[in-house]
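*Asks:* Only the shape, not the letters, is given here:
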């Protein structure tokens with residue numbers, strides 16, 4: 001039987017297909033077919049739902065309890081939103097649900113296999129793409145995470161992973177914790193935006209550019225971009241505790257989610273690596289410094305995104321054989337001395353000092 005167990009009930013591919021037809025859900029497009037250019041390079045689909053949050057006409061209104069964040073443990077694009085949500089103390093303002101693949105083939109993309117009745121308990125959806133088709137019946141792209149859904153309409157309102165954390169940091173400020181960190185300080189926003197725009201192709205999307213490339217030239221280009229960028233960031237972190245000095249910013253969240261996956265997950269889709277992440281002295285210590293923060297640790301599921309299906313092949317990979325024997329907690333909790341690079345060694349955040 002296909003599928004995974006859920007309270008002793010298996011959701012088979014056959015059952016999933018019937019459910020998808022009843023809900024008018026179409027199969028998920030494949031990146032390696034629909035997002036490859038003439039050179040064999042992976043060109044990520046643009047985000048379809050990008051209406052910003054704000055007070056201007058036509059913009060989305062931030063409200064407590066109205067929106068629900070859908071994200072996946074293995075997806076760093078969505079992991080950054082879950083980390084920022086917890087860092088800012090927005091747990092009561094924005095609800096959350098982790099999605100899973102569906103069935104053995106995952107033909108219909110993200111769903112809720114591990115939930116009772118295989119559905120999201122709040123919206124009753126069984127496939128993430130339902131929110132996309134509710135918003136646009138003609139939508140023909142992939143349903144991606146993060147997805148921010150309006151629970152009053154069950155429609156997706158924003159899947160702009162590049163800006164979503166900024167909306168949490170600015171538009172949802174009224175519901176942030178009193179001592180919430182300022183991850184997007186006004187005096188640094190222009191510089192943070194510039195760095196984030198650079199991180200996207202060279203760090204965050206580099207793995208996918210390699211993994212989904214259909215030509216060696218495209219692969220090598222992405223590979224060079226990534227390791228050249230890592231060298232620059234290693235140098236930047238020689239005398240800076242975090243990317244912008246003494247305090248964690250939005251950019252650090254973006255860098256961390258890729259680092260957390262590189263040696264434990266991404267490598268198995270790639271060719272020979274020029275260097276392991278742990279061989280970058282400054283970057284490796286920096287990553288562990290961030291991992292000490294509860295919001296980073298609580299939203300990083302090493303065993304989940306490192307594990308492979310053990311029945312996928314008789315030639316099991318290193319992860320499939322040994323993932324249960326690896327103590328990620330101990331590895332990532334190894335002491336480091338990054339605090340001595342800071343003028344305020346016991347404080348990792350620039351606080352807003354709310355009254």
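*Replies:* All right, it came through fine. As the structure is a computational prediction, the values presented were derived from the model and not from experiment. Numbering: from 1, shown residues only.
*Asks:* which regions of the chain lie under the pLDDT threshold?
*Replies:* 1-9, 308-322, 354-355 (pLDDT under 70).
*Asks:* Show the contacting residues for the most centrally placed residue in the chain.
*Replies:* Centrality entry for the chain: nearest residue to the mean C-alpha point is residue 76, 2.3 Å, by Cα atoms, centre = their mean. By Cβ atoms under 8 Å, 6 or more residues apart in numbering, the contact set of residue 76 is 204, 257-258, 260-261. Just so you know, the C-beta spots here come from the backbone N, C-alpha and C atoms, and that holds for glycine as well.
*Asks:* would TSV of these with distance to residue 143, secondary structure and neighbour count be doable?
*Replies:* Output for the contacts of residue 76, formatted as TSV (distance: Cβ to Cβ, whole Å; DSSP: H, G, I helix; E, B strand; the rest coil; neighbours: other Cβ atoms under 10 Å):
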residue	distance to residue 143	secondary structure	neighbour count
204	20	helix	20
257	20	helix	24
258	22	helix	22
260	24	helix	25
261	21	helix	21
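*Asks:* Between these, which sits nearest residue 349?
*Replies:* For those, the closest approach to residue 349 (Cβ to Cβ) belongs to residue 257, at 17.9 Å.
*Asks:* on that earlier part again, now do the same contact list for the residue lying closest to the residue nearest to the centre of the chain once chain neighbours are set aside.
*Replies:* Leaving out its chain neighbours, the residue that sits closest to residue 76 by Cβ to Cβ, 6 or more residues apart in numbering is residue 257, at 3.7 Å. Applying Cβ under 8 Å, 6+ apart, we find residue 257 in contact with 76, 79-80, 83, 204.
*Asks:* ok, now residue 37?
*Replies:* residue 43.
*Asks:* Report the two of the contacts of residue 76 separated the most.
*Replies:* Within the contacts of residue 76, two members stand farthest from each other by Cβ to Cβ: 204 and 260, at 12.0 Å.
*Asks:* With secondary structure and distance to residue 152 as new columns, can the contacts of residue 257 be given to me in a markdown table?
*Replies:* Putting these into a markdown table (DSSP: H, G, I helix; E, B strand; the rest coil; distance: Cβ to Cβ, whole Å) gives the following:
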| residue | secondary structure | distance to residue 152 |
| --- | --- | --- |
| 76 | helix | 29 |
| 79 | helix | 26 |
| 80 | helix | 26 |
| 83 | helix | 26 |
| 204 | helix | 32 |
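*Asks:* Find the pair from those with maximum spatial separation.
*Replies:* It's 83 and 204 that sit farthest apart of the contacts of residue 257, by Cβ to Cβ, at 13.8 Å.
*Asks:* need the strands for the stretch 1-150 of the chain, in chain order.
*Replies:* For the stretch 1-150 of the chain, strands defined by DSSP state E, counting those that start in this stretch occupy the ranges 5-6, 9-10, 67-71, 94-98, 147-150.
*Asks:* residues near the residue nearest to residue 168 when sequence neighbours are not counted, how many?
*Replies:* The shortest distance from residue 168 to any non-neighbouring residue, by Cβ to Cβ, 6+ apart, is to residue 84 (5.2 Å). For residue 84, the neighbour count with other Cβ atoms under 10 Å is 25.
*Asks:* Distance of residue 84 relative to residue 70?
*Replies:* Look at residue 84 and residue 70: by Cβ to Cβ, to the nearest Å, they are 15 Å apart.
*Asks:* Which residue is the nearest non-sequential neighbour of residue 99?
*Replies:* Nearest to residue 99 is residue 110, by Cβ to Cβ, 6+ apart, at 4.1 Å.
*Asks:* picking that back up, most tightly surrounded among the strands of the stretch 1-150 of the chain?
*Replies:* Across those, averaging neighbours per residue (mean count of other Cβ atoms under 10 Å) puts strand 147-150 on top, at a mean of 25.
*Asks:* counting contacts, what elements does the helix or strand following that strand pack onto?
*Replies:* Downstream of strand 147-150, the first helix or strand assigned by DSSP states H and E is strand 155-158. In terms of contacts (3 or more Cβ pairs under 8 Å, 6 or more residues apart in numbering; DSSP states H and E), strand 155-158 is packed against helix 129-135, strand 147-150.
*Asks:* what comes into contact with strand 155-158?
*Replies:* With Cβ under 8 Å, 6+ apart as the criterion, strand 155-158 contacts 49-51, 53, 60, 67, 131-132, 134-135, 147-150, 164, 167.
*Asks:* domains in this structure, as residue ranges please.
*Replies:* As assigned by automatic domain parsing, the chain contains the domains 5-175, 186-341.
*Asks:* Could you dump those into a markdown table with distance to residue 349 added?
*Replies:* Converted to a markdown table, the domains of the chain look like this (distance: least, Cβ to Cβ, whole Å):
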| stretch | distance to residue 349 |
| --- | --- |
| domain 5-175 | 8 |
| domain 186-341 | 5 |
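*Asks:* before we move on, back to that, wait, doesn't the residue nearest to residue 168 sit right on residue 250?
*Replies:* Yes - using Cβ atoms under 8 Å, residue 84 is in contact with residue 250, at 7.2 Å.
*Asks:* quick one: buried residues of stretch 156-171?
*Replies:* 156-162, 164-171 (16 or more other Cβ atoms under 10 Å).
*Asks:* repeat for stretch 52-63
*Replies:* Using 16+ other Cβ under 10 Å as the burial criterion, the residues of stretch 52-63 that qualify are 52-53, 60, 62-63.
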